[in-house]
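Q: Let me see the structure of the following:
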Amino acid sequence: MICQGCGLEAPTKYVEFYQNIGALFVRFPRSAKGNLCKSCIHRFFWKYTSTTFFLGWWGTISFCVTPFYVLNNTFRYLASLGMQPVPPDASKPELTQDAVEKLEPYADDLIMRLNEGEPLAKVTEEVGERAGVTPGQVQLYLSALTRAARKKRSSRDR
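A: Next comes the predicted model:
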């Protein structure tokens, strides 16, 4: 899958990290949610949790919210420790014309499988292997198909 934090093609896991900064009567919440690689999970955990731990207590509501944010972040981080690391040769996938040509015969199969509820990761991996492209390129191809369909639909509605 493609990491939503850094854009690299690497193993990902869906996580949600929260940050809170308290200031007497206001609070400044922030969150990072998405399919992230192990490196991004590590980075967001330490950034959001340390900020919350040191600056999250300074407000009435913040004083109550901060322990939950710290616990949430810690549990999600611990649950991701078993993930495979980002491969040293990981890179951002590119949708080349060659990849598009290899994927075009599989377009209907991709759409049908996803409409039937198959997991995106499974579909992109299997189709990518059959087409001779990476799962990240399949994901980019699906995004391109979706954008083209929306553009066609909006021009028809005018």
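Q: And the residue nearest the centre of this protein?
A: Among the residues of the chain, the one closest to the centroid is N35, at 2.6 Å (Cα atoms, centre = their mean).
Q: Is that one in a helix, a strand, or coil?
A: The three-state label given to N35 by DSSP: H, G, I helix; E, B strand; the rest coil is strand.
Q: Tell me, how many residues neighbour the residue lying closest to it once chain neighbours are set aside?
A: Excluding the flanking residues, the one nearest N35 by Cβ to Cβ, 6 or more residues apart in numbering is T12, at 4.0 Å. The way it works is simple: take the backbone N, C-alpha and C, and place the C-beta from them, glycine included. Neighbourhood size, T12 [other Cβ atoms under 10 Å]: 23.
Q: rewinding a little: what pLDDT does the residue nearest to the centre of the chain get?
A: Note for N35: predicted pLDDT of 95.
Q: I'd assumed G7 was in contact with it.
A: No: counting by Cβ atoms under 8 Å, N35 does not reach G7; the two are 11.4 Å apart.
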